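J.: Compute the structure for the input listed below.
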Amino acid sequence: MRIFHLSAECYPVAKVGGLADVVGALPKYQNKAGLHAAVVMPFYDRKFTQENEFETVYEGLTLLGERRLYYQILKERTDKLGFELYLIKIPGLIDRVEVYSYPDETEQFIAFQIAFLDWITFSNQHPDVIHCHDHHSGLVPFLIKHSKVYTRLANTPAVFTIHNGQYHGAFGYNKLNYLPEIDNTKIGLLDWAGGINPLASAVKCCWKYTTVSPSYLDELTKSSNGLEYLFYLEHSKGLGIINGIDTDVWDPSTDPMIAGNFTNKQIAKGKAKNKAALCSHFELSTDKPLIAFIGRLVVEKGADMIAAAMEKSFADHPDGFNLLILGTGDKDTEKELIALKAAFPKTCNVFIGYDEPLAHLIYAGADYLLMPSRVEPCGLNQLYALRYGTMPMVRSTGGLKDSVIDFGDTGGYGIRYNNASVTDICHAVSRALELFKNTKELDALRKIMVALDFSWDRSANEYINLYKSLKPII
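T.: Numbers count the residues shown, from 1 in each chain. Next up is the predicted model:
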């Protein structure tokens, strides 16, 4: 079964968020399971493309309205990522450094999708499934059904995965002419709220859509930035499959980025060694429980509540714990956290930015990982934390709700709370500090954490079963 994954991001080529981690891992595990999965994404002038060899496998001309575009399909020569990687390069449009935030972003992603469809149509490719990820590829399910240019692909199943339903990629009808010739009687399938909405169109036109956790499938009917009614209508077409993690990369027994490797039988000793290295680097005490936050400092992640919650928690528990923040984002939030560090220099440290080796060391050395998210379609950080025996402290939403069971419940191993509020965060901190006093119980919970299976093997099989259900074409 040949699968094309179409995405704007893929780790390690270009990463902004969790989308890249999923697309960089799922195809590899699908190939291990016997599929022929490949990734197609835009070309970015970044470290990966500069340091690896590519060959041009196809060249062509296409149209974006009246604008003629030359495009190349570049293939990474060695399949070093565990799957075939194809990059679409269009000089002057898709050959830049950054993934998002250009003023002609709409044109970029429309051209990316058209070039992809032109390539697989005119080079006579025969995918069994086209798997589109987020709105950047959301026009593809419509175009293969309702554009006269791509009639050969009309019966090809299209699966659409929603990694974040808050972003739609919507644009006005003044850019409708960018699309190749379409059946004008089907324009309603592009429309939502008087404009062209790629995410809405994909949900309407795909064979099946998935969300990155079962709970997020239901949450989209209540909060999806204006598409709530659409998700209510199309709910039966949806399926929630929680993301996995790449256990080859995230493995405390082999991870080259941490201070000391450890197995399931050496959890306490291994975490102590990594905590010592982490605390030494950031001038924190190893005797106190260490609570960490890793992620984007944005409202969606609840980062705007951290400074106030931690200031209150430090007051409630003088010298009771250490705090370490790794992230970047909203400038006001960054300033608040830097001020928190200045107010509590012996118990708080903040690293503004992102550092992959440091993130690995924090997962290995911290005692708790705080995730106060307002919205979390799946979340991967809690899965990384569990893999390294670090207890997640999460708000009960989306994938956090699906992957973390509170240690007070049967079979539980984490800390969960209901409301995105300073009060609930502080209560979670108090519970964490109380648990830390009971070394025997915490060690037992860590053994449960590291034994959990959140690998891509499990999730990849769920996607494979979904593909196989798309009868009668496959």
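
J.: can we go C-alpha only for contacts and neighbour counts from here?
T.: Will do.

J.: For stretch 291-300, which residues meet the burial criterion?
T.: I291, A292, F293, I294, G295, R296, L297, V298, V299 (16 or more other Cα atoms under 10 Å).

J.: List the ones among those that fall in helices.
T.: The subset of those located in helices under the criterion DSSP state H is empty.

J.: got these as TSV, with distance to T161 columns?
T.: As requested, these are arranged in TSV below (distance: Cα to Cα, whole Å):
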residue	distance to T161
I291	33
A292	30
F293	27
I294	25
G295	22
R296	22
L297	25
V298	23
V299	23
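
J.: where in the stretch 1-150 of the chain is pLDDT low?
T.: Scanning the stretch 1-150 of the chain for pLDDT under 70 picks out no residues.

J.: so who does D128 touch?
T.: By Cα atoms under 8 Å, 6 or more residues apart in numbering, the residues touching D128 are M1, R2, I3, T156, P157, I474.

J.: doesn't E441 fall inside a helix?
T.: Yes. Counting by DSSP: H, G, I helix; E, B strand; the rest coil, E441 is found in a helix.

J.: Tell me who's in contact with it.
T.: L435.

J.: if we can go back for a sec, buried only: go through the contacts of D128 for me.
T.: Buried by 16+ other Cα under 10 Å: I3, T156, P157, out of the contacts of D128.

J.: between these, which is nearest K28?
T.: Distance to K28, by Cα to Cα, is smallest for I3 among these, at 11.6 Å.

J.: Quick check on the closest one: phi, psi?
T.: Phi and psi for I3, reported as degrees, to the nearest 10, are phi -120, psi 130.

J.: And the helices in the stretch 151-300 of the chain, which stretches?
T.: Listed in chain order, the helices of the stretch 151-300 of the chain (DSSP state H, counting those that start in this stretch) span 198-205, 214-219, 228-233, 267-282.

J.: And the spatially closest residue to A309 that is not a sequence neighbour, how far from R431?
T.: In this structure, A309 finds its nearest non-sequential neighbour in V422, 4.9 Å apart by Cα to Cα, 6 or more residues apart in numbering. Going from V422 to R431 by Cα to Cα, to the nearest Å gives 14 Å.

J.: out of those two, which sits in the busier spot?
T.: Ranked by neighbour count (other Cα atoms under 10 Å), V422 and R431 place V422 first, with 20 against 13.

J.: need the contact list for the more buried one.
T.: By Cα under 8 Å, 6+ apart, V422 lies in contact with M305, I306, A308, A309.

J.: again, but for L337
T.: I306, A307, V350.

J.: does it count as helix, strand or coil?
T.: L337 ends up helix, using three-state DSSP.

J.: separation between it and S280?
T.: 20 Å.

J.: what do you get for N155?
T.: For N155 relative to S280 (Cα to Cα), the value is 59 Å.

J.: what about the helices in the stretch 301-450 of the chain?
T.: Secondary structure of the stretch 301-450 of the chain (DSSP H, counting those that start in this stretch): helices at 306-316, 331-343, 356-365, 381-387, 398-403, 422-436, 439-451.

J.: Let me know which of those is tucked in deepest.
T.: Compared across those, helix 381-387 shows the largest average neighbour count, a mean of 25 (mean count of other Cα atoms under 10 Å).

J.: now that helix, how far from the centre of its chain.
T.: Helix 381-387 sits 13 Å away from the centroid of its parent chain (Cα atoms, centre = their mean, to the nearest Å).

J.: Can you tell me what sits against that helix?
T.: 244-245, 250-252, 294, 363-364, 369, 371, 391-392, 400, 403-404, 446, 449-452, 454.

J.: does H136 sit in a helix, a strand or a coil?
T.: helix.

J.: measure it to L87 for me?
T.: 15 Å.

J.: repeat for V375
T.: V375 is 31 Å from L87, by Cα to Cα.

J.: again with T221
T.: Taken as Cα to Cα, the span from T221 to L87 is 34 Å.

J.: repeat for K265
T.: Distance from K265 to L87, by Cα to Cα: 43 Å.
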